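Trainee: my questions concern the predicted model and sequence given below.
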2 protein chains.
Amino acid sequence: MFNPELFFKALGDKTRLRLLNLMGEQEICVCYLVEILEQGQPKISRHLAYLRRAGVVEARRDGKWMHYRIVMPPDTGAAQILRQTLAWLQEERSMQADRSRLSKACCSPAKYVALQGAPLPVSVMLESR
Amino acid sequence: MFNPELFFKALGDKTRLRLLNLMGEQEICVCYLVEILEQGQPKISRHLAYLRRAGVVEARRDGKWMHYRIVMPPDTGAAQILRQTLAWLQEERSMQADRSRLSKACCSPAKYVALQGAPLPVSVMLESR
DNA sequence: AAAACACATTCGTCAAGGCGTATAAGTAAG
DNA sequence: CTTACTTATACGCCTTGACGAATGTGTTTT
């Protein structure tokens, strides 16, 4: 029932890989994705839509904000490959840098004025308990 | 040193996935790929070139014939994903059918006249000992 | 109701990629 | 050397997809 071609097409783009890396296993607000990737909001939104059509992510509305999360495909093989891919990405320098900037963005609002008032990523909320 | 984007782009095409499935862990002559996939020789050749550029396969000349084989990427993560992908493909109906037609093609030359005299795939040579 | 905000979508443009047809390149056989 | 054979590449055409800019949609605030 799952389409390998569509699945790999979704992974065949730098920006989409960066988005998936930032989502990790947690849901995250779009505003953070835009700020961290420094890539223009419509561009990010289009790539998120692509990932949604491919069945790789799902969205949840929270007032003005949209939260995206990775959804594991029902197909066991695909899920395994997706998990493996996420682990692989974490080994990459640039992907680590993205994740590092994400943590900092949540703790230094002065540097990321646009994010003041935005809902914190779950990972950061857990850290600050 | 390995490029995830290029890697997944290479896997994001039905024909290329079928080619990789037919190669499996063994090298195979192009003429078989053309016959089994029934897809026109230039098309197959272009997709093989794409896979070569992406570093997923390598070619070996044997007189008039060219043999292609999957080459595991030096990057451990990529290699793991590639192996899992190949295993995943083998679970698909259509991919099993391709592999089944490959065995038959080597044993019934009458049906595949174009293949008479072509070098047998290694897997078939092993079976017929 | 109006304004502000977060995000999605549309539009026009451009590059990448897929395909069939024709042709080139490399090798073996006559 | 010419021919036949296997594979690769060039060409023209078309589709997909990526992008910035502008605009639309849904929600909260005033």
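Mentor: Cool, got the structure.
Trainee: tell me the contacts of the most centrally placed residue in chain A?
Mentor: Nearest to the mean C-alpha position of chain A, by CA atoms, centre = their mean, lies residue A:23 at 3.0 Å. Neighbouring residues of residue A:23 by CB atoms under 8 Å, 6 or more residues apart in numbering or on different chains: A:57, A:68, A:69, A:70. No exception for glycine: its C-beta is placed from N, CA and C like everyone else's.
Trainee: now the buried members of those residues.
Mentor: When the contacts of residue A:23 are checked for burial by 16 or more other CB atoms under 10 Å in any protein chain shown, the buried set is A:57, A:68, A:70.
Trainee: direction included, what does the host helix or strand of residue A:58 pair up with?
Mentor: Following DSSP states H and E, one finds residue A:58 within strand A:57-62. Each strand that pairs with strand A:57-62, with its direction, by DSSP bridges: strand A:65-70 (antiparallel).
Trainee: show me the helices in chain A, by range?
Mentor: Using DSSP state H, the helices of chain A run over A:4-11, A:14-23, A:30-37, A:41-53, A:76-90, A:93-107, A:122-127.
Trainee: which among those is found nearest to DNA strand D?
Mentor: With CB to the nearest atom of the strand as the measure, helix A:41-53 is the member of the helices of chain A nearest DNA strand D (3.7 Å).
Trainee: what comes up buried for that closest one?
Mentor: Buried residues in helix A:41-53, counting neighbours by 16+ other CB under 10 Å, are found at A:44, A:47, A:48, A:50, A:51.
Trainee: quick revisit: return the closest of the buried ones among the contacts of residue A:23 with respect to residue B:96.
Mentor: residue A:70 (29.4 Å; CB to CB).
Trainee: so who does that closest one touch?
Mentor: By CB under 8 Å, 6+ apart, the neighbours of residue A:70 are A:20, A:23, A:24, A:25, A:56, A:57, A:82, A:86.
Trainee: and the residues you listed, which is the shakiest by pLDDT?
Mentor: Across the contacts of residue A:70, the smallest pLDDT goes to residue A:25, namely 81.
Trainee: hey, what's the nearest residue to that one once chain neighbours are set aside bridged with?
Mentor: In this structure, residue A:25 finds its nearest non-sequential neighbour in residue A:70, 6.9 Å apart by CB to CB, 6 or more residues apart in numbering or on different chains. Note on residue A:70: beta-bridge partners by DSSP bridges are residue A:57.
Trainee: that older thread, quick one: which of the helices of chain A is nearest residue B:91?
Mentor: Counting by CB to CB, residue B:91 lies closest to helix A:76-90 out of the helices of chain A; the figure is 6.2 Å.
Trainee: give me the neighbour count for the residue nearest to residue A:13 when sequence neighbours are not counted.
Mentor: Closest residue in space to residue A:13, ignoring its immediate chain neighbours: residue B:5 at 6.4 Å, by CB to CB, 6+ apart. The local packing of residue B:5 (other CB atoms under 10 Å in any protein chain shown) involves 14 other residues.
Trainee: next one: residue A:27
Mentor: By other CB under 10 Å, the residues close to residue A:27 number 19.
Trainee: how near is it to DNA strand D?
Mentor: From residue A:27 across to DNA strand D, the span is 17 Å (CB to the nearest atom of the strand, to the nearest Å).
Trainee: for chain B, tell me whether stretch A:82-91 is touching it.
Mentor: Yes. Looking at stretch A:82-91 against chain B by CB under 8 Å from any CB of the partner chain, the contacts come from A:84, A:85, A:87, A:88, A:89, A:91.
Trainee: dump those residues to JSON lines, plus neighbour count.
Mentor: Listed next are these as JSON lines, based on neighbours: other CB atoms under 10 Å in any protein chain shown:
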{"residue": "A:84", "neighbour count": "17"}
{"residue": "A:85", "neighbour count": "23"}
{"residue": "A:87", "neighbour count": "12"}
{"residue": "A:88", "neighbour count": "21"}
{"residue": "A:89", "neighbour count": "22"}
{"residue": "A:91", "neighbour count": "11"}
